[in-house]
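Colleague: Give me coordinates for this.
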Amino acid sequence: MGFVKVSAKGGPLGNWQVQLLILGAIWGHSFLFIKLADAAFSPAQVTLARLAIGTAVLVPFLLFRREKLPRSPRAWLLLGVAGILFNVVPYTLFAFAETHISSVLAGIWNATTPLLTLVVALALLPGERATRPSVVGLVLGLVGVLLILHPWQGLGGAQLIGNLACLLAAAFYAVAFVYTRRFLSDLPASAASLAAVQLLTGTLFLAVLTPFLGPLPHQFPLPAVLALVGLGALGTGLAYMLNMGIVRAAGPTAASTVTYVVPVFATVAGLLFLGERVGWWEPIGGAVVLVGLALTQGRLRWPGRQALPAGERRAA
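Modeller: Numbers count the residues shown, from 1 in each chain. Next up is the predicted model:
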């Protein structure tokens with residue numbers, strides 16, 4: 001762990017703050033794309049197309065930059081596991097969840113990932129210690145989750161299944177982040193090449209399983225096909241490149257602030273383009289989760305503690 005100096009410089013799309021907003025918009029609209037694709041394809045098919053298209057976008061980027069893929073069998077094995085934890089399982093769970101719940105709600109659930117990551121890190125990583133702000137943040141996060149689930153209206157039915165699928169997807173993301181920190185941080189390859197292998201191995205793994213997970217589609221309606229293209233090319237391929245650019249320009253901690261932006265874009269997209277409706281408890285629960293997240297990340301001032309300067313935040 002260390003400290004990163006936040007630079008105002010970014011890439012060809014402007015400074016890193018502009019890139020962050022673009023990334024948040026892309027990932028937020030990914031939940032809209034999933035909902036549209038679910039109308040014609042199974043969750044596994046949606047994920048397979050997303051990974052395959054994302055790989056097809058990322059590999060030419062590597063060739064252009066003349067970056068090489070890792071050659072070690074150990075690296076490919078570790079990245080294959082990461083592809084399952086980071087991509088195959090959570091992508092499929094979110095696609096399954098959106099057959100039961102709105103894209104808005106799925107986007108809100110995604111914001112629980114950093115809180116769950118802290119829980120997993122505290123449980124599995126030696127040296128991780130809980131601070132008072134992080135404990136309060138986790139409690140607030142739990143309150144936010146309960147608000148999103150709104151058990152006072154009764155638990156059961158398809159909506160509960162969708163909510164639990166989203167929570168499980170976020171938990172897989174959390175395990176994947178901790179796995180990455182533990183096993184992938186010392187691999188001798190660029191972030192882009194590691195991401196490409198991760199997507200490629202995930203694609204190959206799911207290509208073997210998908211035929212056994214449901215019938216092949218017989219129709220290919222244009223809205224669903226375009227949603228798949230957007231999900232793979234933008235939500236996976238371009239998003240990976242943008243995220244890597246932000247990390248290079250401003251550091252991983254600054255890049256993680258996209259978590260606060262994604263639910264906003266997911267909510268706006270679902271309301272405007274799909275006409276979805278949300279109860280008062282869902283956005284409020286999401287806001288409580290984000291406040292809890294801000295506490296755990298040290299972005300809110302805690303009595304008796306001095307917040308880190310905006311340009312120097314601790315990087316996990």
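
Colleague: CA only for contacts and neighbour counts going forward, please
Modeller: Noted.

Colleague: Specify the local secondary structure of residue 229.
Modeller: Assigned by DSSP: H, G, I helix; E, B strand; the rest coil, the conformation of residue 229 is helix.

Colleague: which residue sits closest to it in space, ignoring its chain neighbours?
Modeller: residue 53 (7.0 Å; C-alpha to C-alpha, 6 or more residues apart in numbering).

Colleague: can you confirm that neighbour is in a helix?
Modeller: Yes. Judged by three-state DSSP, residue 53 forms part of a helix.

Colleague: burial count for it?
Modeller: Using other C-alpha atoms under 10 Å, residue 53 is surrounded by 24 other residues.

Colleague: neighbours around residue 61, how many?
Modeller: 18.

Colleague: in terms of contact, does residue 44 touch residue 215 like I think?
Modeller: No. Under the criterion of C-alpha atoms under 8 Å, residue 44 makes no contact with residue 215, lying 10.6 Å away.

Colleague: More neighbours: these two, which one.
Modeller: Set side by side, residue 44 and residue 215 show more neighbours around residue 44, with 25 against 11, by other C-alpha under 10 Å.

Colleague: quick one: residue 70 from residue 191, how far?
Modeller: According to C-alpha to C-alpha, to the nearest Å, residue 70 stands 11 Å off from residue 191.

Colleague: ok, back up a step: the residue nearest to residue 229: what's it in contact with?
Modeller: 229, 232, 233, 237 (C-alpha atoms under 8 Å, 6 or more residues apart in numbering).

Colleague: Sort out for me which of these are in helices.
Modeller: Residues of these located in helices (DSSP state H): residue 229.

Colleague: low pLDDT regions in the stretch 201-316 of the chain?
Modeller: 301-316 (pLDDT under 70).

Colleague: cutoff 80 now
Modeller: Within the stretch 201-316 of the chain, the stretches with pLDDT under 80 are 251-254, 297-316.

Colleague: Could you look up the SS state of residue 279?
Modeller: At residue 279 the chain is in coil, as set by three-state DSSP.

Colleague: Look up how far residue 105 lies from it.
Modeller: 10 Å.

Colleague: So for these two, which residue has more residues nearby?
Modeller: The residue with more neighbours, out of residue 279 and residue 105, is residue 105; 28 against 10, by other C-alpha under 10 Å.

Colleague: so what's that one scoring on pLDDT?
Modeller: Looking at residue 105, its pLDDT stands at 93.

Colleague: Correct me if wrong: it contacts residue 282.
Modeller: Yes. With contact defined as C-alpha under 8 Å, residue 105 and residue 282 form a contacting pair (7.0 Å).

Colleague: who's more crowded, residue 70 and residue 191?
Modeller: Taking other C-alpha under 10 Å, residue 70 and residue 191 do not tie; residue 70 has more neighbours (17 against 13).

Colleague: Please state the backbone phi and psi of that one?
Modeller: The phi/psi pair for residue 70 (degrees, to the nearest 10) reads phi -60, psi 150.

Colleague: from memory it sits against residue 193, does it?
Modeller: Yes. The criterion here is C-alpha under 8 Å, and residue 70 meets it with residue 193 at 7.3 Å.

Colleague: need the contact list for residue 220.
Modeller: Applying C-alpha under 8 Å, 6+ apart, the residues near residue 220 are residue 40.

Colleague: tell me the secondary structure for it?
Modeller: For residue 220, the assignment made with three-state DSSP gives coil.

Colleague: buried stuff in stretch 236-246?
Modeller: 236, 237, 238, 239, 240, 241, 242, 243, 244, 245, 246 (16 or more other C-alpha atoms under 10 Å).

Colleague: Sorry, wrong one. I was asking about stretch 158-167.
Modeller: For stretch 158-167, using 16+ other C-alpha under 10 Å, the buried residues are 159, 160, 161, 162, 163, 165, 166, 167.

Colleague: out of the buried residues of stretch 236-246, which are inside helices?
Modeller: In helices, judged by DSSP H, the following of the buried residues of stretch 236-246 are found: 239, 240, 241, 242, 243, 244, 245, 246.

Colleague: element containing residue 216?
Modeller: Using DSSP states H and E, residue 216 falls within no helix or strand.

Colleague: backbone phi and psi for it, please?
Modeller: With angles defined as degrees, to the nearest 10, residue 216 sits at phi -70, psi 150.

Colleague: How many neighbouring residues does it have?
Modeller: Neighbourhood size, residue 216 [other C-alpha under 10 Å]: 12.

Colleague: one step back: what is the most widely separated pair among the contacts of residue 53?
Modeller: 229 and 237 (10.3 Å; C-alpha to C-alpha).

Colleague: just the strands in the chain please.
Modeller: Under the criterion DSSP state E, the chain contains strands at 2-5, 312-315.

Colleague: Now do the contacts for the closest residue to residue 97 other than its chain neighbours.
Modeller: Using C-alpha to C-alpha, 6+ apart and skipping the chain neighbours, the partner closest in space to residue 97 is residue 162 (4.1 Å). Neighbour list for residue 162: 96, 97, 98, 99, 100, 101 [criterion: C-alpha under 8 Å, 6+ apart].
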